[in-house]
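Enquirer: Next comes the sequence, and after it the predicted model I'd like to discuss.
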Amino acid sequence: MPRFKAVDYSPRFLAVDLSRQLLPGTFEYALHHLLEHEIDLSEIESRYKNDEIGATAYEPRVLLKLILLAYAHGIVSSRGIEAACRTNVQFMAIGGDTQPHYSTLATFVSSLGEAVGQVFTQVLVICDRQGLIGREMFAIDGVKLPSNAAKNKSGKRKDFVRQAAKMEQAVEKILSRHREADAVTAETQPTPREQRQIERLSREAQQIREWLEQHRQERESAKGRVRLSNRTDNESAKMATGKGVVQGYTGVAAVDDKHQIVVEAQAHGSGSEQELLWPVTEGLEGMRADHRAVR
């Protein structure tokens, strides 16, 4: 019978140099270098006010490195990124073995706002400096992306007015039934279940009335047509996709043909990609080569 070397899978401590896990020429190495030495994150860092009091915070550039690395690997959920920081050596290396909670990652992403556009612009400047952008031909395409908004809270202003009225009528019906009973018998009170229903309907009707007060105009398309509003995310739109109707955005990107660098990206609450061609073309104004200077 042949003899083989024994294989031992038992736990053991291994010395790992995290800095040597980021190999030159890889995406992870470039991401780490750019965010450490090239990208200016002072606008994001200025939001932190814990220099004298408060707990220490995760460094923004570390969080951004983890998030961008995760996106490059197709990991888009905060829980997935948190898990990768515990199990994937590349995430451990690029983040210095930090393990931020998924809520920290989600809060950081949602709070970036316009600052992420500045980061994107700086990346384009570096790519242009390296001669990676041809400025001659661009490919433009779009995709429909779902948002964190409820489809059942979409409609026109008249729809919301009708919903609020129906809720208020339902509350009045319950109360009037008890008032009629009080006229012939001893005073009665709504049951606990009825009381909860009254509170829920009243609260939702009040929320609709407040939303209508804050949004006095209907949303309109570029052609002047009325678009459905949404009370949870009024910039999103209800759109038909191959997988059904979603409440979300149309994301449009323009890619330079030389090295497939994304040079413009926008998201609009519209289901029509055609009407987004002009905004994206305008966004490319500074990237296009000026052939007039050659004449």
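Expert: Yep, it's here. Numbering: from 1, shown residues only.
Enquirer: Strands of the chain, residue ranges please.
Expert: Along the chain, counting by DSSP state E, strands occupy 138-146, 154-155, 219-220, 226-227, 229-230, 237-241, 244-256, 262-268.
Enquirer: what about these, which gets the closest to Leu22?
Expert: Of all the strands of the chain, it is strand 262-268 that lies closest to Leu22, at 23.2 Å by CB to CB. From N, CA and C alone the C-beta is placed, and that goes for glycine too.
Enquirer: Show me where the stretch 51-200 of the chain dips below the pLDDT cut-off.
Expert: For the stretch 51-200 of the chain, the stretches flagged by pLDDT under 70 are 182-188.
Enquirer: deepest of the strands of the chain, which one?
Expert: strand 229-230 (a mean of 24; mean count of other CB atoms under 10 Å).
Enquirer: How about residues contacting it?
Expert: Defining contact as CB atoms under 8 Å, 6 or more residues apart in numbering, one finds that strand 229-230 is touched by 149-150, 153-157, 160, 215, 218-219, 236-238, 247.
Enquirer: Just give me the residue right at the centre of the chain.
Expert: Most central in the chain under CA atoms, centre = their mean is Ser110, positioned 6.3 Å from the mean C-alpha point.
Enquirer: Tell me who's in contact with that one.
Expert: Per CB under 8 Å, 6+ apart, neighbours of Ser110: none.
Enquirer: And Gly271, by the same measure?
Expert: By CB under 8 Å, 6+ apart, Gly271 lies in contact with Lys144, Ala237, Lys238, Met239, Ala240, Thr250.
Enquirer: need those in a markdown table with distance to Glu45, can you?
Expert: Below are the contacts of Gly271 laid out as a markdown table (distance: CB to CB, whole Å):
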| residue | distance to Glu45 |
| --- | --- |
| Lys144 | 34 |
| Ala237 | 34 |
| Lys238 | 38 |
| Met239 | 37 |
| Ala240 | 42 |
| Thr250 | 32 |
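Enquirer: Pick the one among those closest to Leu64.
Expert: Nearest to Leu64 out of these is Thr250 (CB to CB; 25.6 Å).
Enquirer: so the closest one bridges to which residues?
Expert: The partner list for Thr250 in beta bridges (DSSP bridges) reads Lys144, His268.
Enquirer: doesn't Thr241 make contact with it?
Expert: No. The pair Thr250 / Thr241 is not scored as a contact, 10.2 Å apart, by CB atoms under 8 Å.
Enquirer: any common contacting residues for those two?
Expert: Joint contacts of Thr250 and Thr241 (CB under 8 Å, 6+ apart) are Lys144.
Enquirer: Which of the contacts of Gly271 sits closest to Leu34?
Expert: Distances from Leu34 to these, taken as CB to CB, are shortest for Thr250 (29.1 Å).
Enquirer: what two of the contacts of strand 229-230 are the furthest from one another?
Expert: Among the contacts of strand 229-230, the pair separated by the greatest distance (CB to CB) is Ala150 and Glu218, at 19.2 Å.
Enquirer: Show me the helices in the stretch 51-200 of the chain, by range?
Expert: Under the criterion DSSP state H, counting those that start in this stretch, the stretch 51-200 of the chain contains helices at 60-72, 78-87, 89-94, 102-111, 115-129, 157-184, 192-214.
Enquirer: Show me what the second one packs onto, helices and strands only.
Expert: So that's helix 78-87. The helices and strands touching helix 78-87, judged by 3 or more CB pairs under 8 Å, 6 or more residues apart in numbering; DSSP states H and E, are helix 60-72, helix 89-94, helix 102-111.
Enquirer: Quick check: the gap between the closest residue to Thr281 other than its chain neighbours and Gln207.
Expert: Leaving aside its sequence neighbours, Thr281 sits nearest to Ile140 (CB to CB, 6 or more residues apart in numbering; 7.9 Å). For Ile140, the distance to Gln207 equals 39 Å [CB to CB, to the nearest Å].
Enquirer: And Glu273, by the same measure?
Expert: Using CB to CB, Glu273 is found at 33 Å from Gln207.
Enquirer: who's more crowded, the two?
Expert: Taking neighbours as other CB atoms under 10 Å, Glu273 and Gln207 compare with Glu273 leading, 17 against 14.
Enquirer: can I see the domain layout of the protein?
Expert: What automatic domain parsing lists as the domains of the chain is 18-129, 138-149+230-288, 157-217.
Enquirer: Please indicate which of those has the most neighbours on average?
Expert: Neighbour counts (mean count of other CB under 10 Å) averaged over each of the domains of the chain peak at domain 138-149+230-288, with a mean of 16.
Enquirer: Would you work out how far apart the start and end of that one are?
Expert: End-to-end distance of domain 138-149+230-288: 9 Å, with CA to CA, to the nearest Å as the criterion.
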